[in-house]
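K.L.:
Sequence and computational prediction follow.
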Amino acid sequence: MQYFKVTVNGKVYEVSVEEVAPGNTSANMAPPVTSAAPQVSAPNPAPAAAPVSPEIAAGEQVVPAPLGGTILQIDVKPGDQVTKGQVLLTLEALKMENEIVAPDNGTVGQIFVNPKDAVNTGDPLLSLRS
């Protein structure tokens, strides 16, 4: 059996090498000479909250987020009359401001987001009553 000291990244290890058969060797590595800090495992992640589906009244339609991003501003409030193409809110995505417009004429029902909220594609932003 042969013994060696090997330094890896500034840490010294003692290694013993034993010849098993000509041409074949196995190596046993002793623990490092220097003491290492104890390993700390990461805490378990909290379980994800179940998605909340908004309560939609009959005759209302949901305006979904066309892409993921952050809500910058909301230009309407519940009860506002809006026309097709009117800006409802502004969503920042990919460092660009995207105006979300009314798909039809109607009245703003519920608003499901607030400024600075992060949204994913398809998340409900607000509802419109025809």
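P.N.:
Nice, I can see it. The structure presented is a predicted model; accordingly, all values stated were derived computationally and were not measured.

K.L.:
Show me which helix or strand of this protein is least confident by mean pLDDT.
P.N.:
strand 24-29 (a mean of 57; mean pLDDT, DSSP states H and E).

K.L.:
Can you tell me the closest non-neighbouring residue to Thr107?
P.N.:
With sequence-adjacent residues excluded and distances taken as CB to CB, 6 or more residues apart in numbering, Thr107 is closest to Arg129, at 4.7 Å. (Glycine included, C-beta is placed from N, CA and C.)

K.L.:
show me where the protein has strands.
P.N.:
Counting by DSSP state E, the chain has strands at residues 2-8, 11-21, 24-29, 60-64, 69-74, 81-82, 87-93, 96-101, 106-111, 118-119, 124-129.

K.L.:
Now the first one - C-alpha only, PDB.
P.N.:
Right, strand 2-8. Output of strand 2-8 as PDB, limited to C-alpha atoms (Å, rounded to 0.1, in the frame of the first residue of the first chain):
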ATOM      1  CA  GLN A   2       1.300   3.500  -0.900                       C
ATOM      2  CA  TYR A   3       0.300   6.700   0.900                       C
ATOM      3  CA  PHE A   4       0.100  10.100  -0.700                       C
ATOM      4  CA  LYS A   5      -0.800  13.600   0.300                       C
ATOM      5  CA  VAL A   6      -2.800  15.500  -2.300                       C
ATOM      6  CA  THR A   7      -3.700  19.200  -2.200                       C
ATOM      7  CA  VAL A   8      -6.900  20.200  -3.900                       C
END
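
K.L.:
Now do the contacts for the residue nearest to Thr107.
P.N.:
Ala57, Gly59, Glu60, Gly106, Thr107, Gly109 (CB atoms under 8 Å, 6 or more residues apart in numbering).

K.L.:
May I see these organised as TSV, with pLDDT, distance to Thr7 and neighbour count added?
P.N.:
Formatted as TSV, these follow (pLDDT from 0 to 100; distance: CB to CB, whole Å; neighbours: other CB atoms under 10 Å):
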residue	pLDDT	distance to Thr7	neighbour count
Ala57	67	72	9
Gly59	76	75	11
Glu60	87	70	18
Gly106	94	73	21
Thr107	95	74	15
Gly109	93	69	20
